[in-house]
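Chemist: build me a structure from this.
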Amino acid sequence: MTRKIRDSVAAKTFWWLFAAMTGCCVLLYGLVVVFLPQVYHSALSQQFSADFDAIATQLTSQTPEELEAQLLAFATSNQASVSITDADQHTIYRINARHVRRSAPGEPGEATVVDVPESSLTRQYDFQGRTRTITATAQLTPVTQTSQMLTRLFPFALAIIALASWLGAWLLSRHFSKPLEDLSDAAKRIEDMDMSWSYDTRRTDEIGRLGRSLETMSVKLADTIDGLRQANEQLRRDVDRERERERQRIELFTSVSHELKTPLTVIKGELEAMIYGVGDYQDRDTYLNHALRTTNDMEGIVKNILTVARMGVSDYRLTLADVDVTSLLTRRCQALAGVAEDRRIDLVVDLADGVRLRGDAQLLDQAFGNIVLNAVMYSPSGAVVRVGLTEHRLTVDNSGVRIEPADLDQVFLPFFRADKSRSRNAGGSGLGLSIVKTVFDHHGIAHTLDNTDTGVRFVAEF
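Modeler: Below is the predicted model:
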């Protein structure tokens, strides 16, 4: 119980208020018990003295009947006994209207005067040349009754005081501690990083200002946390992106080594055979031309590698210009028409006029050329390659081929070949689609490669 009171503002406030209110009310009641009879005694004495003075001034001017009536009224209203005596102390008139306490059954029947405070006044006056004395004695019974009544009512008053103090302390403690409890709960939620709360109050005092300050701090803290979370997420993405780039660089270097090793081995073997005049290699002109073609292939691979590496640098900037995509694709398709005819492939071109795109003309020319070249080179004899261009889309369809679903996500990787048995014979370096992806990513061009019912379709969305 003690620990609960110590740890609760509401409990502390309640018990302090209850004790303070009860103590103040009891003290006030005690002051009333002590001082009210004295004040009442003084007031009754003053009233009795004023009434007596009024009677005394009229003693010589009234008839005996009138005087007797006034004295009776005075004695009755003031609960007093009045007597008039002459100079020899003989009683001329006497009336007693004082409160008396009757004896209980079995006690003597005579009246017994209650032990109450008394006030006595005496004045002499001249009546028909003779000196007379009027004496009035009043018992201040109401004073005694009031004091006794207050004393008897103390237990009931104490119960009412306790009840009222309990209720008042509970209401006040709720009024003052409830906002503090709300603020404590809000602080706990902030501690738990829960910012989904608001402090709705019209209070303008210190508690209200504290609540609004806490709410403002919570909003700012939530914004800061969101900013840090976003920054952390961006940092994570940057780290993942850098790790992916590092992985791609390692794979690129590995693939480059593998791709260049074979032609270098071929050139080296042919040169050694020609130097030593081994077998057919004595015909140097024939094999020198073959070595030259292999060297040219290696040069193309190196150029493509340099293109991919150059665009992979983070600070690489495009040389932007207004590119006529229609003219670019027309030239590329015309250049590949002979190759398609040699491979007995039907190249169908349907290009919309005046399609323009803002980008790097040299890179876009290389990317579009690689797309059409791949479609021609990797299609079987008798296939149809369709190149279509609209204002916002480029489509290249080639029939008679199909890519395994597991390979669709990897065809844009450097040196990846879906058809391992034919790609090298077709003359590809394995970097064509990788260059296309890199160029399109830099230009923000969405692109996909999917299987269709008749073959494979490449789509680029401008």
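
Chemist: from here on, just use CA atoms for contacts and neighbour counts.
Modeler: Will do.

Chemist: tell me which residue lies farthest from the centre of this protein.
Modeler: Taking C-alpha atoms, centre = their mean as the measure, the residue most remote from the mean C-alpha position of the chain is residue 129, 103.5 Å away.

Chemist: confidence score at it?
Modeler: Note for residue 129: predicted pLDDT of 76.

Chemist: pull the number of nearby residues for residue 373.
Modeler: 19 (other C-alpha atoms under 10 Å).

Chemist: all strands of the stretch 251-400 of the chain, in order?
Modeler: For the stretch 251-400 of the chain, applying DSSP state E, counting those that start in this stretch gives strands covering 321-324, 346-351, 356-359, 384-389, 393-399.

Chemist: adding distance to residue 46 and mean pLDDT, write the ones you listed out as TSV.
Modeler: Listed next are these as TSV, based on distance: least, C-alpha to C-alpha, whole Å; pLDDT from 0 to 100:
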stretch	distance to residue 46	mean pLDDT
strand 321-324	116	91
strand 346-351	125	92
strand 356-359	113	90
strand 384-389	121	93
strand 393-399	116	92
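
Chemist: contact partners of stretch 175-182?
Modeler: 9-10, 13, 207 (C-alpha atoms under 8 Å, 6 or more residues apart in numbering).

Chemist: quick one: contacts for the closest residue to residue 322 other than its chain neighbours?
Modeler: With sequence-adjacent residues excluded and distances taken as C-alpha to C-alpha, 6 or more residues apart in numbering, residue 322 is closest to residue 358, at 4.6 Å. Taking C-alpha under 8 Å, 6+ apart, we find residue 358 in contact with 320-323.

Chemist: my guess is residue 15 meets residue 168, correct?
Modeler: No. Using C-alpha atoms under 8 Å, residue 15 makes no contact with residue 168, being 11.0 Å away.

Chemist: give me the common contacts of those two.
Modeler: By C-alpha under 8 Å, 6+ apart, no residue touches both residue 15 and residue 168.

Chemist: SS state for residue 410?
Modeler: State at residue 410, reduced to three classes by DSSP: H, G, I helix; E, B strand; the rest coil: coil.

Chemist: torsion angles phi and psi at it?
Modeler: Phi and psi for residue 410, reported as degrees, to the nearest 10, are phi -120, psi 0.

Chemist: tally of neighbours for it?
Modeler: 15.

Chemist: from residue 224, how far out is it?
Modeler: When distance is defined by C-alpha to C-alpha, to the nearest Å, residue 410 is 40 Å away from residue 224.

Chemist: low-confidence regions, the stretch 301-450 of the chain specifically.
Modeler: 301, 304-305, 307-316, 414-430 (pLDDT under 70).

Chemist: mind running it again at 80?
Modeler: Flagging of the stretch 301-450 of the chain using pLDDT under 80 yields the residue ranges 301-318, 406-410, 412-432, 434.

Chemist: can you map out the helices along it?
Modeler: 325-342, 361-377, 432-443 (DSSP state H, counting those that start in this stretch).

Chemist: against residue 141, how distant is the nearest residue to residue 143 once chain neighbours are set aside?
Modeler: Spatially, and ignoring its direct neighbours in sequence, residue 143 is nearest to residue 37 (5.3 Å; C-alpha to C-alpha, 6+ apart). Residue 37 sits 11 Å away from residue 141, going by C-alpha to C-alpha.

Chemist: mean confidence score for the longest helix anywhere in the chain?
Modeler: As assigned by DSSP state H, the longest helix anywhere in the chain is helix 206-276. For helix 206-276, the mean pLDDT works out to 79.

Chemist: helices and strands around it, which ones?
Modeler: helix 154-191, helix 284-311 (3 or more C-alpha pairs under 8 Å, 6 or more residues apart in numbering; DSSP states H and E).

Chemist: quick check: angle from the first one to helix 206-276?
Modeler: Right, the one you point to is helix 154-191. Angle of helix 154-191 versus helix 206-276, following axes from the mean of the first three to the mean of the last three C-alpha atoms, to 10 degrees, is 20 degrees.

Chemist: avg pLDDT for helix 154-191?
Modeler: 81.

Chemist: buried residues of that helix, list them for me.
Modeler: Under the neighbour-count criterion of 16 or more other C-alpha atoms under 10 Å, helix 154-191 has 154, 157, 161-162, 164-166, 168-170, 172-174, 177, 179-180, 183, 186-187, 190 buried.

Chemist: next, count neighbours for residue 89.
Modeler: 10.

Chemist: actually residue 33, not the one I typed
Modeler: For residue 33, using other C-alpha under 10 Å, the count is 18.

Chemist: ok, it - contacts?
Modeler: For residue 33, the contacting residues are 147, 150-151, by C-alpha under 8 Å, 6+ apart.

Chemist: again with residue 161
Modeler: Taking C-alpha under 8 Å, 6+ apart as the test, what residue 161 contacts is 22, 25-26.

Chemist: next, work out how far apart it and residue 151 are.
Modeler: Taking C-alpha to C-alpha, one finds residue 161 at 15 Å from residue 151.

Chemist: check residue 384 too.
Modeler: Residue 384 is 120 Å from residue 151, by C-alpha to C-alpha.

Chemist: those two: who's more crowded?
Modeler: residue 384 (22 against 14).

Chemist: so the more buried one is in contact with residue 396, correct?
Modeler: No. The criterion here is C-alpha under 8 Å, and residue 384 misses it with residue 396 at 10.4 Å.
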